[in-house]
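S.K.: Mind folding the following:
(one chain, ligands or ions: 1)
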Amino acid sequence: MRSAGRKTPERWEAASSATRAPNRWDFKGTASTNSVDSNWSAASGWNPIQIAARAIGSCFSPAMPPRSPTGDFSEDLHLRSPIQSPSVSIHGNSKEDGRKILGIGMYGGGSGYGSSQNQSGGMKFTPAEIQRATKNFSPAFKIGQGGFGTVYKGKLDDGTLVAIKRAKKSIYDNQLGLEFQSEIQTLARVEHLSLVKFFGFLEYGDERIVVVEYVPNGTLREHLDCVHGKPLDLAARLDIAIDVAHAVTYLHMYTDHPIIHRDIKSSNILLTETLRAKVADFGFARLGATESGVSHVETQVKGTAGYLDPEYLRTYQLTEKSDVFSFGVLLVELVTGRRPIEPKRELQERVTPKWAMKKFMEGSCVQILDPNLAPSPRTNLATEKILELALQCLAPTRQSRPRMQRCAEILWNIRKDYRELLSSEPLQHQHSKDSQV
Ligand SMILES: Nc1ncnc2c1ncn2[C@@H]1O[C@H](COP(=O)(O)OP(=O)(O)OP(=O)(O)O)[C@@H](O)[C@H]1O
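M.R.: Here you go, the predicted structure:
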């Protein structure tokens, strides 16, 4: 698909390189006056991210809470709902690859759960219940490890499966905790089919425990890496993109104040058994300003390298269009199967969105298609349209990016056309094409 307004590669490059990122961030977000080449260079060069991660590591000095006499989790757990105990964490959050920058951890959601539901919709669990659910945090129940802490699969007394996220209080900063109390109160009420549900929150000594809906089928990133066997076909990828777009649209249109997720990425998209997506990890979420309004000026850069909005990096101003940029990166991941940054590839291919957009504008979509997706006229057409949308989402300036609601509409139409083409193809042909994926 060729749209009249499409940028040439040169124009796109120029626009990209006009957006400059600071090459150093201090802990409190003081940008150095030196610039590096472009947002893409910043991402591919790693230096700003690594420097920021190091700065966080060295500057962070958590306030340690009083421990229980024994330090035993089972002893006298002090339970609070999200409303009663707003939980805010600063996580230095340098995962092994050091790409995560900094987080303000809050967990939203909240259909409520069970009879002990409180005003906010959060569930009051008993310590014994959490212990039973996880067999006292048995390693056998461990399902993951993230910036927030360790994640366990648990089964509540009524049989509900939950994911139990256990963080050390050492990742929190109490002063900032106070600053964000009101935000948590809002996030605790967020509920959408495509957002991982928040069930409850526990606090005890230096323990913080978050209980959320268990989503059984791994992360989108794992599926793109074929960890779970059969690769995702394009129809499933389109469904996932639409689910994410709907969930984020819901956040952005929430009441009169948008909620900005700030960490949209494939490892934060969890899949159900029917391969529908649920957006997880409100670890960075915060209430934002509308694009037209006076946006919040951040003092700390938060997000994951490769997904970060260059304009946010440059101006520290956060709007929902930063999520749109990250969503553009996610669309490129869905089409190419690649991670946003692939350091082991040759130079021109290391920053996947830059490489993919260049190929797209040269009309070489097939070259960037995930090898797990079999090329066919309908697949090529759909991927071209997805990349067209990705290009808009990845625009260097936020004004040029579509709203998330518009992204959902566009994707909906792409899926409709794709399905129509699919149904018009002879059954045998469909079968032989699909068997390649
Ligand atoms: N609700 C859930 N249901 C099922 N598995 C989950 C759930 N939440 C997390 N996990 C598993 O635990 C892993 C770690 O999750 P977590 O959200 O703590 O970190 P992450 O998203 O991988 O990293 P980061 O915290 O840096 O964003 C996930 O990759 C996933 O495999």
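S.K.: which one is residue 148 nearest to, not counting chain neighbours?
M.R.: residue 167 (4.9 Å; C-beta to C-beta, 6 or more residues apart in numbering). For the C-beta atoms, the positions are set from N, CA and C on the backbone; glycine is no exception.
S.K.: Can you get me a residue count around that neighbour?
M.R.: Counted with other C-beta atoms under 10 Å, the neighbours of residue 167 add up to 23.
S.K.: Check residue 320 too.
M.R.: The criterion is other C-beta under 10 Å. On that basis, residue 320 has 25 neighbouring residues.
S.K.: Report the secondary structure element holding residue 405.
M.R.: Counting by DSSP states H and E, the element that carries residue 405 is helix 404-424.
S.K.: for the record, mean pLDDT for that helix?
M.R.: For helix 404-424, mean pLDDT is 94.
S.K.: same deal with stretch 189-209?
M.R.: 82.
S.K.: OK, contacts around residue 222?
M.R.: If a contact means C-beta atoms under 8 Å, 6 or more residues apart in numbering, then residue 222 has residue 228 as its contacts.
S.K.: make that residue 153, sorry
M.R.: 134, 141, 143, 161-164, 214.
S.K.: Using the three-state scheme, assign it.
M.R.: Following DSSP: H, G, I helix; E, B strand; the rest coil, we place residue 153 in the strand state.
S.K.: how much space is there between it and the ligand?
M.R.: Per C-beta to the nearest ligand atom, to the nearest Å, residue 153 is found 7 Å from the ligand.
S.K.: on that earlier part again, the residue nearest to residue 148: which element?
M.R.: Judged by DSSP H and E, residue 167 forms part of strand 161-168.
S.K.: Mind giving me the packing neighbours of that strand?
M.R.: Contact partners of strand 161-168 among helices and strands, from 3 or more C-beta pairs under 8 Å, 6 or more residues apart in numbering; DSSP states H and E: helix 127-134, strand 150-155, strand 207-213.
S.K.: Let me have those in TSV, adding distance to residue 392 as columns.
M.R.: Below are the helices and strands packed on strand 161-168 laid out as TSV (distance: least, C-beta to C-beta, whole Å):
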stretch	distance to residue 392
helix 127-134	44
strand 150-155	34
strand 207-213	32
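S.K.: Would you mind finding the most buried of the ones you listed?
M.R.: Each of the helices and strands packed on strand 161-168 was given a mean neighbour count from mean count of other C-beta atoms under 10 Å, and the largest, a mean of 24, is that of strand 207-213.
S.K.: Give me the next element, helix or strand, following it.
M.R.: The helix or strand immediately downstream of strand 207-213 is helix 220-224, counting by DSSP H and E.
S.K.: Buried residues in that next one, which are they?
M.R.: By 16 or more other C-beta atoms under 10 Å, the buried positions in helix 220-224 come out as 220, 223-224.
S.K.: What of stretch 353-365?
M.R.: Residues 353-361, 365 are the ones in stretch 353-365 that count as buried (16+ other C-beta under 10 Å).
S.K.: Residue numbers of this structure in contact with the ligand?
M.R.: Proximity of the chain to the ligand (C-beta under 6 Å from any ligand atom) is limited to residues 95, 100, 143-148, 151, 163, 165, 196, 212-215, 219, 263, 267-268, 270, 280-281, 283.
S.K.: out of those, which are buried?
M.R.: The neighbour count (16+ other C-beta under 10 Å) marks 100, 146-148, 151, 163, 165, 196, 212-215, 219, 263, 267-268, 270, 280-281, 283 as buried among those.
S.K.: Just the CA coordinates for the host helix or strand of residue 241, please, in CSV.
M.R.: Using DSSP H and E, residue 241 sits within helix 234-252. Provided in CSV are the C-alpha atoms of helix 234-252 (Å, rounded to 0.1, in the frame of the first residue of the first chain):
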residue,chain,number,x,y,z
LEU,A,234,-0.8,-13.6,10.8
ALA,A,235,-4.4,-13.8,11.9
ALA,A,236,-3.4,-14.4,15.5
ARG,A,237,-0.8,-11.6,15.3
LEU,A,238,-3.6,-9.2,14.1
ASP,A,239,-5.9,-10.3,16.9
ILE,A,240,-3.1,-9.6,19.4
ALA,A,241,-2.4,-6.2,17.9
ILE,A,242,-6.1,-5.3,18.1
ASP,A,243,-6.4,-6.6,21.7
VAL,A,244,-3.4,-4.5,22.7
ALA,A,245,-4.7,-1.4,20.9
HIS,A,246,-8.1,-1.8,22.6
ALA,A,247,-6.6,-2.2,26.0
VAL,A,248,-4.3,0.9,25.6
THR,A,249,-7.2,2.9,24.1
TYR,A,250,-9.2,2.1,27.2
LEU,A,251,-6.3,3.4,29.4
HIS,A,252,-5.9,6.5,27.3
